[in-house]
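Chemist: structure, please.
(chains A, B, C and D, ligands or ions: 2)
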Amino acid sequence: MNRPTVGVRSASAAPAGFVADHGALAPRADFPLLAAQPRLHYLDSAATTQKPASVLAAIQRYYETENANPHRGAYALSAVATEAYHAARVRIAKFLGASDAETLIFTRGTTEALNLVASTWGRANVKAGDRIVVTRLEHHANFVPWQELAHAVGAEFVIAELGANGTLDMEAFAAAVTPKTKIVAFGHASNALGTVNPVADIVAIAKRVGALTVCDGAQSAPHMDVGVDSLDVDAYAFSGHKMLGPMGIGGLVMRREILEATQPYQLGGDMIAHVGDQHTTWNVLPHKFEAGTPNVEGPVGLAAACDYLTSLGMERVIAHERTLAALAMEKLAAIPGVSVLGPEIAHRGGVVSFTLKGVHPHDLSQLLDGDGVCVRAGHHCAQPLMRALGVHATTRASFYVYNDGADVVALAESVARAKEKLASD
Amino acid sequence: MNRPTVGVRSASAAPAGFVADHGALAPRADFPLLAAQPRLHYLDSAATTQKPASVLAAIQRYYETENANPHRGAYALSAVATEAYHAARVRIAKFLGASDAETLIFTRGTTEALNLVASTWGRANVKAGDRIVVTRLEHHANFVPWQELAHAVGAEFVIAELGANGTLDMEAFAAAVTPKTKIVAFGHASNALGTVNPVADIVAIAKRVGALTVCDGAQSAPHMDVGVDSLDVDAYAFSGHKMLGPMGIGGLVMRREILEATQPYQLGGDMIAHVGDQHTTWNVLPHKFEAGTPNVEGPVGLAAACDYLTSLGMERVIAHERTLAALAMEKLAAIPGVSVLGPEIAHRGGVVSFTLKGVHPHDLSQLLDGDGVCVRAGHHCAQPLMRALGVHATTRASFYVYNDGADVVALAESVARAKEKLASD
Amino acid sequence: MSAELDELYQSIILDHNRRPKNFREMEDATAKADGVNPLCGDQLTVWLKMDGDQIADVSFRGQGCAISKASASMMTQVVKGKSRTDAEQLFTDVHALVTGKPTGADVGSLKALSGVSKFPLRVKCASLAWHAMHSALQGSAAPVSTEAEGPGSAS
Amino acid sequence: MSAELDELYQSIILDHNRRPKNFREMEDATAKADGVNPLCGDQLTVWLKMDGDQIADVSFRGQGCAISKASASMMTQVVKGKSRTDAEQLFTDVHALVTGKPTGADVGSLKALSGVSKFPLRVKCASLAWHAMHSALQGSAAPVSTEAEGPGSAS
Ligand SMILES: Cc1ncc(COP(=O)(O)O)c(C=O)c1O
Ligand SMILES: Cc1ncc(COP(=O)(O)O)c(C=O)c1O
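Modeler: Ligands and ions are numbered 1, 2, ... in the order given. From the prediction side, this is the model:
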C-alpha cells in the first residue's frame, strides 16, 4: 500500500487537538438507525457496520430506476443495469487501490473470497508434503479453509505463533515459511485484538520461497487507505458489510496472471464462452469467476459506501478510530480487574478487546446492553487465538466513523457499573 | 408438490372471463420502476423481476431499525437481527412448502445452490464409471457443474434428449437412467422454452436406481405453488431475484439426512462447532452450510416478496401467466415468418420463445426496445438446447404478475413493425 | 439498570455464579455428558451417580456465563435424590419457564431463572446444563449442543 | 421508431445484412480467424488472401445480427486491395467511430456504422469482424473474443 503502516504506527497521524473533543467523524444524522436511537452506543462495527442513508438511497434508486439482469438483454434497461454493475466495480477497485478492475471478483464477502482461493488455486497447486502457513491471529475464515485444504491433500498446516502483546513473532514466522510453503495466509488487521500486521515484511518472507500470499482484508478495507496494488499480495479479500455497504457483497482482488491460469470457481451462466455437450470453455475476467446472475444491488450499494468513506478521507478514518481506541484503552485500564489485550496503540486499529476478572464476557455485554452499549462478547471467530491467549472469551469494543468520545465514556462507565453488580468482590 | 402439474396442464385453471380482459394480476403501482415508466413493457421476468415497494421497504426497514451481525452479539440489536434472519427463513421455507426450515440453506441464488450440491455431495459420492444424467432443456447452471463433475471424477455425462415440441422424451429419459446413475439433475420449468417437466415421473425413474434427484427450481418457485416436500426431490434450488426478491439471495432445500451426512461447503465463521489447531468440527443445520456473516437483508427482502406473492395467490399467478402466454402465442403465430418454439400451452408456464425468419433476435429485440418492449434475445444460457433445436438464438418474452394484455398487444405489434423494417421479404 | 436485567441477574443467580454448588468432577460417576454452546464456545460437563432409577449424586464443571453456571448449580441442588422421571420432568418445566411458556408447575427455587424468558438469546445458557444432564440420563456419549435451541446463539 | 434506431438501422446496413458481400468461404486463403461474442454465441470467420503486404482477397461467413453482418460485409469491400497497415488503421478508425470517439479520419461508406455509438451494447457486434481480421493479419490461431470490449454483451 501507499503508506504501508504509517497511518497506523504513528500516533501523530491524528490531527492535533483532535483527541480533545472526540467528536464523531461522520454525522450521526447520516445513519438512520443511529439517528433514530440517539442513546445507542454501537461499538460492534468490526462485526458489521451501520449504513449511511446514501447507501440505502443508492440501493433504492437502483431498484426503482435501473433494475434488470445485466449482460443478458439487448434492451436499454439491461444496458443501464450492466453499466451500473460495471461502474460499481470500477469505483470499488479504485477505492481499494486496485488498478485492474477486472481482477476484482465479487463474492458474498471475505469468507467466500478466501474459500474461492482455497478451492481453486489451492486445490490445484498444493500437494502432499507441501506446507501452508497461517498466523495465530486469524479469523476462522482465514484459518479453517487452509486447515481443511492441507488436510485434504496431505500438506502440513502450520500456525505462526505470536510474540509479545498479541503481535506476530516475525522470527518464528520467517522460520515457519520453509521452501515447501505454497501458501501464506494472514490477516491485514485482527478483528479480535486489533493488531495490524506488518504486511510488507510478511510478503517479503513469503516471496523468498515463492508462496502465494493471501491477505484477509476484512478489517483493513473499512479502516485505512489500503492501496491493494502496493501491498503486492497475490490475493486480497474483503467484506462490504464491514465498510458501510450492504450485506451479501464483498470481493477478492487477485493477480491477473493467477486468475487467468486458474480453473473457475462456480459454474453456470455468464462465466462460459461456449458450452458443448461434453466440454465447456470459460469467459474472460472477471466473468470467469462470477457464475450466475450477478448481484447488482450489492456493488451499487458498496460503491456508494466507498464514495462516502472517500468523502470522509481514509487517513482521517484510521486516525479517528485510533484516537477513540486509545482513549478507551486508557479508561478501561483504569478500572481494577480489567485487562486490555493486544498491542500498544501504535500497532493497532480501532478494536479494543478486554477481560474483567471474575466476570464472564457474556454477562458483561448483557449488562452493557442495558446501558445501550453494544459490544461483542465471545471468541470472535478466533478460537485458535483464544487458546493461545489462555482466555475463554473476551469483550470487544470496536470503533468506527460514527462513534465519538461519548461512546467511549459510556463504555467505561457501564463496565464499571457492571463490575459492581457482577464481580465477586 | 401439492398439485404437481394441475395448475399448469389444465387451461381451466384460469378463472372464466379472465382471458377476456387481460388485466395485470398485481397493480403496476406496486412496482416503483414500472409505475415510473408507464410505457415500459417489461417482458424479461424469467431473467429477473421488478421489485414491489413492499420488498424495498422491508430492506430499508431492516437497515434502519434492525441491522446488526446476527448470531454473534449478546446485545438486543443483534438479537433482533438474528430473529429477523431466522423468521425470514421460516417464512420462505413455508412459502416453498418445505416443512423443515433448517434444511433451507441460503445461497446467492440457483447457480450457487447447484454448485454447492455438485461440489459437496457430488464430489464425495460420484466415482469413475458412474453416470450423471441431465436433460437437454437445462440452463447452463444445471448443466456445466454436472458436466465438470463427471469430467473430474471420470463419470459419464449423459444428456436426456427431447421428444416432440420441446418436451422431454420420457422413454429415452428412462433408458438413460441406468443403475450406474448417481445424480439426475433436471429443471422444473425451462427458462428457454417454458416447458414444465413432469417432476413426479422423473423422480420415480431416478428413485428406481437410487440416484440423487436435483431439481432446478429457478423457473418454478416464482410461478407456482411448488410444495417442495411433495415434489419428493433430494435437492431443490431457487433464486430470489426471479421471484420479486432482492438480488444476491436464493437457496437450496435439501433432505436433512443428506445435508447431515455431507461435508460442508464453504468454511469459516458461524459454520463451526470447535476449531482446533489441526481439526475442526461443524455446527448443526442450517449453519453448517452457511459460512461467514449471513446476508440478512436478502432473506428479509425475499420473505417480503413471498408474502406479496402469497397475497396474490400462487394458483392465480400461474393461471395469469399462462393466460398471457397463450394470448402471445396466438398473436405471434399470426405473424407470417414467426415460429413459436416449445410445447403447447398445457405443458408450459409464462415463457414464449420464438424466431422470426430472416431476422436475427438481437436486431429484433433492439427494435422492440425502441417501442419500450423489453425481451431477451440470445441463447438464454441454454446452448445445448439451442444446438438441438437447430437455432442459433431465439427471442423470448416472459410474463409475470405485473404484465397485462396491453403488454402482449405491444409485443405482437412491435414484432410486426420490426418485421416490416428488417425482414428480407 | 432495567427491571428486566435486574430480574435476569437476581441475587440468587449472582450468588450461585460466585459460589456454585457441586462444582467438581466426580470420580465414581456412573454417567457423564458434555454440553457445548458452539457459537460462543461455552462448555460444561455434568456427572451423575445413579442408584437404580435415582440420582444419588450430581456435579458439574466448565466454562460459562453467570446464567449457565447458576442454572447448573441450582440444577445439581434440585435434582439430587430425584428419580430419572422427575428430573426429566423438571427439565421440561424449566425449559418452559425460560422460554416464557410456564406450565404452572412448581419449580421451587428454579423460579429465579424466569428472568431469562425476556432474553431469548440466553435460553441456551440457562438450558445448557439441563441438556447435558438429559444426555447423561440417556446414556448418550456424544456432546450435546444447544445450537438447535433457538434462533441464534451467543455467550 | 426513434431517430437513433433509424440511424442504427440505416438502409445501407439493412442492404448489407440482406445481401452480404463476400459472404463465402475461401479455399485458397493464406490466413483465417474466428471471432466469437461469448455471451450471445454469435460467431464468424474471416478469410484473407495476402499478396505480400497487400490484402488480395477477403471473405467471411457466420452467424450474426444485422450490425455484425453489415459491418463484416462492408469491411470486406473496403479493405480489399489495402495494405496491412491501412487495414489496421481503418480498424482503429472504425472502432473510434462506433465507440463515439470519431477521429475525423475519412472512413468512407463505413460512416454508416456511426449509429452504433448510441448503443454501447452493440459495439461488440460492429467490431466482431474487425477483431477477426486483425487476428488473421497477426496470424493468430486462437479465436478472438469481443468480451473484453465493453461493459457487457448481448446479441
Ligand atoms: C432455469 C434456470 N436455472 C438456473 C438459473 C440461474 O439462476 P441464477 O442466475 O439466479 O443463479 C436460471 C436463471 O438465470 C434459470 O432460468
Ligand atoms: C478478520 C476477519 N476475517 C474474515 C471475516 C469474515 O468476513 P465475512 O463474515 O464478512 O465473510 C471477518 C468478519 O467476520 C473478520 O473480521
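
Chemist: residues in chain C within reach of ligand 1, list them.
Modeler: Residues of chain C found near ligand 1 (C-beta under 6 Å from any ligand atom): none. For every residue, glycine as well, the C-beta is placed using N, CA and C.

Chemist: so where's chain C uncertain?
Modeler: C:1, C:38-41, C:140-155 (pLDDT under 70).

Chemist: can you rerun that using 90?
Modeler: C:1-2, C:36-43, C:63, C:102-106, C:120-121, C:139-155 (pLDDT under 90).

Chemist: now the strands for it?
Modeler: In chain C, the segments counted as strands under DSSP state E are C:31-37, C:42-51, C:54-63, C:144-145.

Chemist: quick check: A:V408 touching A:K331?
Modeler: Yes - if you go by C-beta atoms under 8 Å, A:V408 and A:K331 touch, sitting 6.3 Å apart.

Chemist: who has more neighbours out of those two?
Modeler: Under the neighbour definition other C-beta atoms under 10 Å in any protein chain shown, A:V408 and A:K331 were set side by side, and A:V408 has more, 26 against 18.

Chemist: how about the contacts made by the residue nearest to A:P179 when sequence neighbours are not counted?
Modeler: Once flanking residues are discounted, A:P179 sits nearest to A:V209: 5.0 Å by C-beta to C-beta, 6 or more residues apart in numbering or on different chains. Shown here is A:V209, whose contacts under the criterion C-beta atoms under 8 Å, 6 or more residues apart in numbering or on different chains are A:V177, A:T178, A:P179, A:K180, A:T181.

Chemist: tell me the strands in the stretch 151-300 of chain A, going along the chain?
Modeler: Ranges of strands in the stretch 151-300 of chain A, per DSSP state E, counting those that start in this stretch, are A:156-160, A:181-187, A:212-216, A:235-239, A:250-254, A:272-275, A:280-282.

Chemist: how is chain A carved up into domains?
Modeler: Listed by automatic domain parsing, the domain ranges of chain A are A:28-51+A:313-424, A:55-310.

Chemist: could you dump the ones you listed to JSON lines with distance to B:L368?
Modeler: Compiled in JSON lines, the domains of chain A are given as follows (distance: least, C-beta to C-beta, whole Å):
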{"stretch": "domain A:28-51+A:313-424", "distance to B:L368": "38"}
{"stretch": "domain A:55-310", "distance to B:L368": "7"}
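
Chemist: export the ones you listed to JSON lines and tack on mean pLDDT and distance to B:A326?
Modeler: Listed next are the domains of chain A as JSON lines, based on pLDDT from 0 to 100; distance: least, C-beta to C-beta, whole Å:
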{"stretch": "domain A:28-51+A:313-424", "mean pLDDT": "96", "distance to B:A326": "45"}
{"stretch": "domain A:55-310", "mean pLDDT": "97", "distance to B:A326": "24"}
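
Chemist: which residues of the stretch 251-400 of chain A lie near ligand 1?
Modeler: Counting by C-beta under 6 Å from any ligand atom, the stretch 251-400 of chain A sits next to ligand 1 at A:G269, A:G292, A:T293.

Chemist: up against chain C, what does chain A have?
Modeler: A:360-363, A:366-367, A:370-371, A:377-379, A:383, A:386, A:392-393, A:417, A:421-422, A:424 (C-beta under 8 Å from any C-beta of the partner chain).

Chemist: show me the residues you listed that map onto strands.
Modeler: Using DSSP E, the subset of these located in strands is A:A377, A:G378.

Chemist: list buried residues within the residues of chain A next to chain C.
Modeler: Listed as buried from these are A:360-363, A:366-367, A:370-371, A:377-379, A:383, A:386, A:392-393, A:421-422; burial here means 16 or more other C-beta atoms under 10 Å in any protein chain shown.

Chemist: ok, A:V158 - contacts?
Modeler: Counted by C-beta under 8 Å, 6+ apart, A:V158 has contacts A:R131, A:I132, A:V133, A:V134, A:A176.

Chemist: the third one pairs with what?
Modeler: Each beta-bridge partner of A:V133 is listed here, defined by DSSP bridges: A:V158, A:V184.

Chemist: check contacts around it.
Modeler: Counting by C-beta under 8 Å, 6+ apart, the residues that A:V133 touches are A:V158, A:I159, A:A160, A:F173, A:A176, A:V177, A:T181, A:I183, A:V184, A:A185, A:A211.

Chemist: who wins for most neighbours among the residues you listed?
Modeler: A:V184 (29 neighbours).

Chemist: which non-adjacent residue is nearest residue 91?
Modeler: Going with chain A. A:A303 (4.2 Å).

Chemist: actually chain C
Modeler: Per C-beta to C-beta, 6+ apart, closest to C:F91 is C:W130, 4.7 Å.

Chemist: repeat for A:W146
Modeler: A:I132 (4.8 Å).

Chemist: gap between that neighbour and B:Q266?
Modeler: 17 Å (C-beta to C-beta, to the nearest Å).

Chemist: centroid-wise, who is the farthest residue in chain A?
Modeler: No residue in chain A sits farther from the centre than A:D277, which is 41.2 Å out by C-alpha atoms, centre = their mean.

Chemist: tell me who's in contact with that one.
Modeler: B:I159, B:P384, B:R387.

Chemist: circling back: of all the residues of the stretch 251-400 of chain A next to ligand 1, which comes closest to chain B?
Modeler: A:G292 (2.9 Å; C-beta to the nearest C-beta).

Chemist: what about that closest one, how many neighbours?
Modeler: A:G292: 28 neighbours (other C-beta under 10 Å).

Chemist: the residue nearest to it when sequence neighbours are not counted: which element?
Modeler: Excluding the flanking residues, the one nearest A:G292 by C-beta to C-beta, 6+ apart is B:T111, at 2.9 Å. Here B:T111 sits within helix B:110-117, counting by DSSP states H and E.

Chemist: can you pull the contacts of the closest residue to chain A within chain C?
Modeler: At 3.9 Å from chain A, C:C65 is the closest residue in chain C, using C-beta to the nearest C-beta. Contacts for C:C65 (C-beta under 8 Å, 6+ apart) come out as A:H360, A:P361, A:H362, A:D363, C:D42, C:C125, C:S155.

Chemist: and the two most separated of these?
Modeler: The largest separation in the contacts of C:C65, counting by C-beta to C-beta, is between A:P361 and C:C125 at 12.3 Å.

Chemist: and A:V153, how close does it get to A:G122?
Modeler: From A:V153 to A:G122 the distance is 8 Å (C-beta to C-beta).

Chemist: how far does the helix or strand containing A:A328 sit from its chain's centre?
Modeler: Assigned by DSSP H and E, A:A328 belongs to helix A:314-333. Relative to its chain's centre, helix A:314-333 lies at 18 Å (C-alpha atoms, centre = their mean, to the nearest Å).
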